[in-house]
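Enquirer: Next one to model:
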Amino acid sequence: MHMKIWALVLALLATPSLAKACAAGGGDCQPGTIAGPYTTTQVAEYTTTAPFPICQSGVCTSGSWNGISIEGIDAQQNIGTGYQFYDNLGPNIDDNIAVGPTVPGQNGQVLEWLNPQYIQAFDKVTGQPIFTTVGGTTAVPVNVAVLWSRTAQPECNANQAGNVQVIFDRLDNAFVISRRVVFSNGGLHQAAWCIAASSSSDLSSPTTQWFAYEYKMAGVIPCTPASANCTTGAFRNYFPDWPRIGTWSNGFYITFDLQDANSGYIESGFEACQLDRSDVVVGNSTNPLKCYAYTIPAADRPSLIHSVDVADIDSANEPISGEPEYFLSIVNPSNAQQGLAGLHVCTSATTPCTSNQLALFTWGASGLTGPSAVNVTPYTPGCYNTSKSNTEANTYCVPEPSTNAGTIGGYGKPSCGNYNTPCLDSLGDRMANRLTFNRLVSSSGGPNGQYLTASHVVMESTANQRTGVRYYVLSVSNGKASVVVNSGSSSGPPDLQDPNASLSFLMPSAALDENGNMGFAFTTSGTQGHPAMYFTVLPWGAASFDAPTLIVQGAGDEENTDRFGQYAATLIDSSDNLTFYGVGEYYNTSQTGTANCNLPSSNCYTWQTRIFRGQYGTQFH
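Expert: Next up, the predicted model:
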């Protein structure tokens, strides 16, 4: 979510190193600087037994698997008798899931999280929801904040979070919840990082504990240019937006954007941090948080590289010993193609602005290094907008049936991206969730090696800014990457887009099974179709996708906000490394209201989520 809230406090000193990407033919030539490392210790850690009450009643049957899917957390949830749950904290959701293994003698679960603070676990066999309120007899989503101590970790306990992620740490068999919170301290805007790991993969067990940590962020985030080395103003440090987390062999790694709240939250770079995974997952005191920041000069902003994804292990085999952690970003179009120096965004209103690069960073023995340019088929980011000054980062253009047709313009023209609603955010200026790492071994002609899988939204039609999905498989080794699959080129498979050239495709998320088959969850929307969730597979070595599977066809629109399911996810079940799981957002009742929004019967919050699963080559079950 493009959060425009608060920033942080405290000056940093570091020795910078210059990093620059500028591919042949013109690309990003901004002189980015990597500085660090910065460190900060955790405030406190503690354990708590069964923080979420487990529903033991026979009435906890809502959500049973129906064909290929179950209903996830909805804004208005009527489970059993009346409304046990109603989320009226905001219409924007960042829905994502993690999937634990099926272990003999234990139950396996899917853990779902919804912005800003609610989670629910679902049994993998029955689909039954597990968490409830204290003394409850029906399943109810629970507030994740109770994992952190009210007295020892008040920032993580008392403040709402945006952009939370849940992941399953395959190396330690633990669910991990990662969240950034913002708060005010003496009039200064600050932030903290909150992370919690489960002691077991079975969330239905009353003996499962959570190990919760809080890290104040003031000591690791650079000062904004206007803050005079963090000595003046309420927004002294960059605001940490769009966080990501991944499991790696030597730690948890997180990334987040660095936005300048003193300059309209302009993208100024990103930060990467390493957390002490081995101690977090057992509840020990941890080593300090360790971070590096990549920033560009203020005069060159916005940064063409931002919203960097971090690799997360998604296979049975972990990385080869000594392999660095990987980070990947798109490179937004620069003005190099306009005959200029390539320091700034491209602003051509007649010739579509394109980029031919991805930016690769690594974190090895020398800390964070990069970017190195990965040359790819040229692309125009989804909803790239040059209709007026400073609109290039505006990524709103995906229509719904309720969208005013008069606001849908071609490339370089005003569109619903100028905040005429309703329409949806394509997130076209960044990589989609997730960046998966797979170390695959095949003896039958399949993939052998280490791979990253990534996707992002691109413009497919300049006539109406219709969007589709660009995707990649990169072979990686010793910090280097080579392109194995690059859609959209004459020699590769096509982009994932509507064959009828009517609907926009957005909110993609990709993962590989153990045979290299690439599964995609994605959303469709357009003037002729309400938002719908689909899943499809690109078999390893194939030139085209299998026929897509409709997960759920919505019957309504999102009309009172423009952000939609931004942490949609696809991942692989660690039990068999073949079953894809996914999650996304949809509407059966249009979300239109702006008044009386505290009432469960209102139409201010009508969003719904659906969790699905299936294997390539077999009937979805």
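
Enquirer: since we're on V125, how many residues are nearby?
Expert: Using other CB atoms under 10 Å, V125 has 12 neighbouring residues. In short, each C-beta sits where N, CA and C put it, glycine included.

Enquirer: Equivalent analysis for Q30, please.
Expert: Neighbour count of Q30, defined by other CB under 10 Å: 26.

Enquirer: Point out where the chain drops to low pLDDT.
Expert: For the chain, the stretches flagged by pLDDT under 70 are 1-27, 58-63, 78-83, 417-420, 619-621.

Enquirer: Please enumerate the helices of it.
Expert: Applying DSSP state H to the chain gives helices spanning 154-158, 277-280.

Enquirer: how about CSV for these, with distance to G556 added?
Expert: CSV is the format used below for those (distance: least, CB to CB, whole Å):
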stretch, distance to G556
helix 154-158, 34
helix 277-280, 41
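
Enquirer: From what I see, T403 and T527 are in contact.
Expert: Yes. Using CB atoms under 8 Å, T403 makes contact with T527 at a distance of 6.2 Å.

Enquirer: neighbour-wise, which of these two wins?
Expert: Higher neighbour count among T403 and T527: T403, with 23 against 16, using other CB under 10 Å.

Enquirer: Name all residues that make contact with the closest residue to that one other than its chain neighbours.
Expert: What sits nearest to T403 in space, not counting adjacent residues and going by CB to CB, 6 or more residues apart in numbering, is C423, at 5.1 Å. Contacts for C423 (CB atoms under 8 Å, 6 or more residues apart in numbering) come out as 396-400, 403, 407, 415-417, 562.

Enquirer: and which of those is nearest to T453?
Expert: Relative to T453, the closest of the contacts of C423 is V398; by CB to CB it sits at 23.3 Å.

Enquirer: Residues in a beta bridge with the closest one, which ones?
Expert: Beta-bridge pairing for V398 (DSSP bridges): L424.

Enquirer: tally of neighbours for C29?
Expert: Using other CB under 10 Å, C29 has 19 other residues around it.

Enquirer: Not counting residues beside it along the chain, what's closest to it?
Expert: Leaving aside its chain neighbours, C29 sits nearest to G342 (3.6 Å; criterion: CB to CB, 6+ apart).

Enquirer: give the contact list for the nearest residue to C55 once chain neighbours are set aside.
Expert: In this structure, C55 finds its nearest non-sequential neighbour in T132, 3.9 Å apart by CB to CB, 6+ apart. By CB under 8 Å, 6+ apart, the contact list for T132 reads 53-55, 60, 138-140, 142.

Enquirer: 10 Å instead?
Expert: Counting by CB atoms under 10 Å, 6 or more residues apart in numbering, T132 touches 52-57, 60, 79, 84, 120, 138-142.

Enquirer: quick one: the residue nearest to K480 when sequence neighbours are not counted and D87, what's the gap?
Expert: Excluding its sequence neighbours, the residue lying closest to K480 (CB to CB, 6+ apart) is S372, at 7.9 Å. According to CB to CB, to the nearest Å, S372 and D87 sit 42 Å apart.

Enquirer: The two: which is more packed in?
Expert: D87 (21 against 16).

Enquirer: okay, now the nearest residue to that one once chain neighbours are set aside: neighbour count?
Expert: Closest residue in space to D87, ignoring its immediate chain neighbours: A75 at 5.0 Å, by CB to CB, 6+ apart. Using other CB under 10 Å, A75 is surrounded by 24 other residues.

Enquirer: Same question for T102.
Expert: 17.

Enquirer: doesn't K124 make contact with it?
Expert: Yes. Using CB atoms under 10 Å, T102 is in contact with K124, at 6.0 Å.

Enquirer: Overlap in contacts, the two.
Expert: Counting by CB under 10 Å, 6+ apart, the residues touching both T102 and K124 are 108-109, 573, 575, 579.

Enquirer: Right, I'll call it a day here.
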